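**Student:** Test case, fold it:
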Amino acid sequence: MAKVVRIANAGGYWGDDPHALRRQVRGELPLHYISIDFLAEITMSILQKQLARDPDAGYARDFVTQIEPLLDEILARKIKIITNAGGVNPSACAEALFAAARARGLKLRVAVIEGDNIAPRVPELMRQGVDLKNMETGEDLDGLADRVLSANAYFGALPVVEALASNPDIVVSGRVTDTGLTLGPLMHEFGWSGEDYDKLAHGIVAGHIIECGAQATGGNFTDWCKVPSFHEIGFPILECEEEGPFVVTKHPGTGGLVTCQTIREQLLYEMGHPQLYLTPDVIADFTAIELEQDGPDRVKVWGVRGVRPTDLLKVSVSLADGFKSSGAIIISGPDARAKAETFAEIFWTRLSAELERADLPPLESTQTDLVGDDSTHRGLTPSHHPTEILLRLSTRDHQQDKLGIFRKLLPSLILSGPSGVAVTGGAPAISDVVRYWPALIPRESALPTVSVFVQDEASPVPKRVVETRDLPWPTARGSVEACAAPLEDPYPLSLIERWENEPRVEIPLMRIAHARSGDKGDTANIGLIGRSAECYVWLRENVTAQRVRQWFATIVRGEVHRYLVPHLWAINLLLEESLGGGGTVSLHIDPQGKTYSQALLRCRVEVPEPLLDTIAPQNVPCPGELVP
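**Tutor:** Residues are numbered from 1 along each chain as shown. The predicted structure is shown next:
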């Protein structure tokens, strides 16, 4: 019987379901590995600040809290845990694990991956000619180096493979890519080489599907009402084969849903160019991926292509970039919208006058959100009359004293404007702004170090048994352009041309599509997925980049780019300059564009009436989703 490796996920970000690990460990299916992802770009700067205050901090403490009561079971079941919870201090994370094991009288073997933290070396690298230009804006870091809070290279699967060679119980890393946490054990188990590009690409796609936890098993799903239960939702599990194909599933009896629809949505999440999914291990092409329902809550995935990676590593740099503050008041009807607009006008006028009296220039950036009346889908909501609005006023500036005036002035609105105001708090807090700065460096500028420590049941001190310093990268001279082969689209226009003279019906896009959206810096992506092959062809021919730009005219400040992903019945849209700077820089109420997919699905179009009959019953949207 062919070897099958089961890899589960128990967390997609720091703050995810704290009980997911318990459910995965104690579930019905026997697992070989569990990966847990804790690190987002902004998380690294938070951890760096914690480390600056405490040399024993700088890692995701929640990981130790979650795993400690399960250590006995994990070791007994021989499940290996792989996580990037080490943050900027993987060694401290390992020591906390050993302390937990000592308290329970357990023997533990932990591999520690370090070397990704290049923040102390930024000035040196720049002197050596590594410019660290911003990948998105082209800005030069020169002159801003003194504001660097963190800088971490994205390692791939290679150091994970090296760590697993020493048979640890737990692998703790710093900034290893989300996909590398999954690809590493596959390379280890199946003996894949660094040149098995199609197999590696399958591993990357597998990792991409499970990296966000329950998003692959019904979480954040457009047709959410089809999910049997969100209570005790099952997190994803991979069943992987040596040649590359794999099945996505979950433990029997858990909540959630695994279908081709849920997997298509996750595949398009935070996607850029679908033929150029760049990782340190391989460049993966998502456009030829095939999916098939393989039974209840089982989806088989195959057909992924890969080519040689480049000789560069991505670096996530965070910079101190001023301050921001947001405050809110609740405004009730009647005439809630008119009252809210009046309150906003009163406040910004008063604030402008106060800044002028203090001999301070205007604020660098401000925003008004009428939450409950089009604050996320600006301009796309049909006219209505809300009975209440949360008026949210926000600002950002590099001069903290301006924000001091802002925060003190906001509570004064409560008694000096129109009636019907409820208090939501006093003066709002001022927070630091941390700017995300993606850059590229040569691979040789950041080499991993892998150390393996063992602690016996009675030993008070872990012993280092393996140390691999400056693990060299394999030769990688691929180019991004090499992967962008001519697109293969198996769906001819004739699928919908036959309805040229059929009656038309006006519908929301939700009727023929589902979608998911995410962010990369200041660019939002929306994966728009047809509910049938014919629906995909209609979307391909009618939902153009220009049309989307017009729909999102009040949101998008840059260009809209469109890419086809035919085998997934999908279009991937990139909306540049649509998130107010993105991340913590943004004042938007939705700085990650999570709601943009739902905004697009509300847009109304005219389609041939027979198109609706091509949608299989399981792909038809829930009735409530069709309300404008």
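**Student:** Name the nearest residue to P591, sequence neighbours excluded.
**Tutor:** The shortest distance from P591 to any non-neighbouring residue, by CB to CB, 6 or more residues apart in numbering, is to L579 (5.6 Å). Quick note: C-beta positions are derived from backbone N, CA and C, even for glycine.
**Student:** quick one: that neighbour and S586 touch, right?
**Tutor:** Yes. Using CB atoms under 8 Å, L579 is in contact with S586, at 5.4 Å.
**Student:** Could I get the buried residue list for stretch 273-290?
**Tutor:** 273-289 (16 or more other CB atoms under 10 Å).
**Student:** Show me what the strand or helix carrying L600 is in contact with.
**Tutor:** Using DSSP states H and E, L600 falls within helix 596-601. Under the criterion CB atoms under 8 Å, 6 or more residues apart in numbering, residues 222, 376-377, 380, 508-510, 513-517, 524, 526-528, 548, 551-552, 555, 573, 575, 578, 590, 625 lie in contact with helix 596-601.
**Student:** now swap in stretch 35-45 and tell me
**Tutor:** Applying CB under 8 Å, 6+ apart, the external contacts of stretch 35-45 come out as 7-14, 21, 60, 62-63, 81-85, 87-88, 149-150, 152, 175, 178, 181-182, 207, 210-213, 316, 318, 434, 436, 438, 583-584.
**Student:** Show me which of L579 and S586 is the more surrounded one.
**Tutor:** Using other CB atoms under 10 Å, the more surrounded residue of L579 and S586 is L579, with 25 against 22.
**Student:** what about the more buried one, distance to H208?
**Tutor:** Separation of L579 from H208 (CB to CB, to the nearest Å) stands at 21 Å.
**Student:** Restricted to strands, list the contacts of helix 596-601.
**Tutor:** 508, 513-517, 524, 526-528, 573, 575 (DSSP state E).
**Student:** got a winner among those for most neighbours?
**Tutor:** A524 (30 neighbours).
**Student:** Can you tell me the closest non-neighbouring residue to that one?
**Tutor:** G593 (3.2 Å).
**Student:** And stretch 68-87, end to end?
**Tutor:** Counting by CA to CA, to the nearest Å, you get 18 Å between the two ends of stretch 68-87.
**Student:** same deal with stretch 128-143?
**Tutor:** End-to-end distance of stretch 128-143 (CA to CA): 16 Å.
**Student:** What residues of that stretch count as buried?
**Tutor:** 130, 132-134, 136, 141.
**Student:** next one: stretch 495-511
**Tutor:** Under the neighbour-count criterion of 16+ other CB under 10 Å, stretch 495-511 has 495-496, 499, 507-511 buried.
**Student:** for the record, mean pLDDT for it?
**Tutor:** Mean pLDDT, computed over stretch 495-511, is 96.
**Student:** what separates that stretch from the chain centre, distance-wise?
**Tutor:** Centroid separation for stretch 495-511 versus its chain: 34 Å, with CA atoms, centre = their mean, to the nearest Å.
**Student:** on that earlier part again, want to try CSV for the buried residues of stretch 128-143, with pLDDT as columns?
**Tutor:** Formatted as CSV, those follow (pLDDT from 0 to 100):
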residue, pLDDT
V130, 93
L132, 93
K133, 94
N134, 93
E136, 86
L141, 93
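**Student:** Residue ranges in the stretch 1-150 of the chain under the pLDDT threshold?
**Tutor:** Along the stretch 1-150 of the chain, the model assigns pLDDT under 70 to residues 1.
**Student:** where do the helices sit along it?
**Tutor:** 20-25, 41-53, 61-67, 71-77, 90-103, 122-127 (DSSP state H, counting those that start in this stretch).
**Student:** contacts for the third one?
**Tutor:** In other words, helix 61-67. For helix 61-67, using CB under 8 Å, 6+ apart, the contacting residues are 10, 14-15, 18, 21-22, 36, 38, 74, 81, 83, 85, 93, 96-97, 100, 170.
**Student:** So which bits of the lengthiest strand in the chain are buried?
**Tutor:** Ranked by residue count and defined by DSSP E, the top strand of the chain is strand 312-332. Residues of strand 312-332 classed as buried by neighbour count (16+ other CB under 10 Å): 312-331.
**Student:** If any of the contacts of stretch 35-45 are buried, give me the ChimeraX selection for them.
**Tutor:** The buried subset of these, as determined by 16+ other CB under 10 Å, is captured in ChimeraX by this line:
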select :7,8,9,10,11,12,13,14,21,60,62,63,81,82,83,84,85,87,88,149,150,152,175,178,181,182,207,210,211,212,213,316,318,434,436,438,583,584
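**Student:** from the contacts of stretch 35-45, which ones fall inside strands?
**Tutor:** Residues of these located in strands (DSSP E): 7-9, 81-83, 149-150, 152, 316, 318, 434, 436, 438.
**Student:** Using a markdown table, please lay out these together with distance to D116.
**Tutor:** Formatted as a markdown table, these follow (distance: CB to CB, whole Å):
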| residue | distance to D116 |
| --- | --- |
| I7 | 22 |
| A8 | 24 |
| N9 | 21 |
| I81 | 19 |
| I82 | 15 |
| T83 | 14 |
| L149 | 15 |
| S150 | 10 |
| N152 | 5 |
| S316 | 9 |
| S318 | 14 |
| V434 | 18 |
| Y436 | 16 |
| P438 | 14 |
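**Student:** if we take the residues you listed, which one ends up nearest to T262?
**Tutor:** Nearest to T262 among the ones in strands among the contacts of stretch 35-45, counting by CB to CB, is N9 at 14.0 Å.
**Student:** list the contacts for the closest residue in space to that closest one that isn't next to it in sequence?
**Tutor:** Leaving out its chain neighbours, the residue that sits closest to N9 by CB to CB, 6+ apart is I210, at 4.0 Å. By CB under 8 Å, 6+ apart, the contact set of I210 is 7-9, 35, 182, 216, 235-238, 248.
**Student:** at 7 Å instead, please
**Tutor:** Residues in contact with I210 (CB atoms under 7 Å, 6 or more residues apart in numbering) are 9, 182, 216, 236, 238.
**Student:** next one: the worst-scoring helix or strand of the chain on mean pLDDT to chain centre, how far?
**Tutor:** In the chain, no helix or strand scores lower on mean pLDDT, DSSP states H and E than helix 41-53, which sits at a mean of 83. Relative to the mean C-alpha coordinate of its chain, helix 41-53 is positioned 19 Å out (CA atoms, centre = their mean).
**Student:** Over to stretch 61-72?
**Tutor:** On the basis of CA atoms, centre = their mean, stretch 61-72 sits 24 Å off its chain's mean C-alpha point.
**Student:** Of all the residues in it, which ones are buried?
**Tutor:** Buried residues in stretch 61-72, defined by neighbour count with 16+ other CB under 10 Å: 61-64, 66-68, 70-71.
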